[in-house]
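Colleague: Please find the sequence and the predicted model below.
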Amino acid sequence: MSMKLSTRQVDGVTIVDCSGRITLGEGSVMMRDTVRDLLAKGNKKIVLNLGDVNYIDSSGIGELVSAFTTTKNQGGELKLLNLTKKVHDLLQITKLYTVFDVKDDEAAAVKAFK
Amino acid sequence: MEQQVSYTLDSTLETVDHAEEKATRIATELGFGEDEVMQISMAVREGAVNAVLHGNAYAPDKKVVLSFERTPEDLVITIRDQGKGIDLGGIPNPLAPENLLKTSGRGIFLMRSFMDVVEIRPSQTGTEIKLIKHVHGAPAGGKEASQ
């Protein structure tokens, strides 16, 4: 049930594969720490692959927003990849779907970076 | 026939998970569909987060009381904390353009989005959140429990 994160590099872009739950507590903290570590190491092209994220609460939504704005404020770019229906619907009702750059194909997401 | 189950829970993160799990189980037993079970469990989770964090502020001497009541037409869920009472006037609209990129403030909005009725009653001795979803299917068994 808990969250797992792993990172890999594809053509200069960092893909963060996320699985499990992004919720208040451990899941949100892991997400925050991972994105901050990536930015601190100069990895400013980030894709959060949420294909295996089966649950997200308001804290998790807040963490996605935080990751997005933190990356942008440091001159980087963050995209979301492979939203599940639950996460997609949540971003729709919170009007965040159009705020994020959402992709459903990894190769296209990597290519989309400037 | 009315049936009720009530839990007294500590002001901890574990309570948030437990509240969600109980809501998932009870909503499933009542015959709600998968999407509605998810909506109910998420609304209860957000209500529990409000009670534990913003109401009781993790105080070990303060409890959260979570109750589920099956009426002929509704599932009525009540979440009470022992905090100072939420300031309803101070809750910004999370859909306003200036608030879209805020990292918090979406809990009550999600509760209202997922439930048929949401009533929030703040007082000086705590806040009570009532979440109502119209039900179908067989009733759950009633019992008393505490943690």
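Modeller: Everything's here; your move.
Colleague: and stretch B:84-96 with chain A, contact?
Modeller: Yes. Using Cβ under 8 Å from any Cβ of the partner chain, stretch B:84-96 reaches chain A at B:94-95. Where C-beta positions appear, they are placed from N, C-alpha and C, glycine not excepted.
Colleague: Endpoint to endpoint, that stretch covers what distance?
Modeller: Terminal residues of stretch B:84-96 lie 27 Å apart, using Cα to Cα, to the nearest Å.
Colleague: which bits of chain A sit near chain B?
Modeller: Contact residues (Cβ under 8 Å from any Cβ) of chain A with chain B: A:23-25, A:57-59, A:61-63, A:65-66, A:68-69, A:86, A:90, A:93-96, A:99.
Colleague: For ChimeraX, write the select line for the buried members of those.
Modeller: Per 16 or more other Cβ atoms under 10 Å in any protein chain shown, the buried members of those correspond to this ChimeraX selection:
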select /A:23,24,25,57,58,59,61,62,63,65,66,68,90,94,96
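Colleague: Report whether the expected contact of residue B:18 with residue B:9 is present.
Modeller: Yes. In terms of Cβ atoms under 8 Å, residue B:18 counts as a neighbour of residue B:9; the distance is 6.4 Å.
Colleague: ok, these two, which is more surrounded?
Modeller: For residue B:18 versus residue B:9, the count of surrounding residues by other Cβ atoms under 10 Å in any protein chain shown is larger for residue B:9: 21 against 18.
Colleague: hmm, whichever strand or helix holds the more buried one in reach of chain A?
Modeller: Assigned by DSSP states H and E, residue B:9 falls within strand B:3-10. No. Judged by Cβ under 8 Å from any Cβ, strand B:3-10 and chain A are separated, with a smallest distance of 14.8 Å.
Colleague: Which strands border that strand, and is each parallel or antiparallel?
Modeller: Counting by DSSP bridges, the strands paired with strand B:3-10 are strand B:63-70 (antiparallel), strand B:143-144 (parallel).
Colleague: Can you lay out those as CSV showing mean neighbour count, distance to residue A:11 and mean pLDDT?
Modeller: Shown next, in CSV, are these (neighbours: other Cβ atoms under 10 Å in any protein chain shown; distance: least, Cβ to Cβ, whole Å; pLDDT from 0 to 100):
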stretch, mean neighbour count, distance to residue A:11, mean pLDDT
strand B:63-70, 21, 49, 97
strand B:143-144, 10, 58, 40
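Colleague: For residue B:50, find the nearest of the ones you listed.
Modeller: strand B:63-70 (9.7 Å; Cβ to Cβ).
Colleague: Strands along the chain, start to end?
Modeller: Because you didn't say which chain, this covers chain A. A:4-10, A:13-22, A:45-56, A:77-81, A:101-103 (DSSP state E).
Colleague: wrong one, chain B
Modeller: Going by DSSP E, chain B shows strands at B:3-10, B:63-70, B:74-80, B:117-123, B:126-134, B:143-144.
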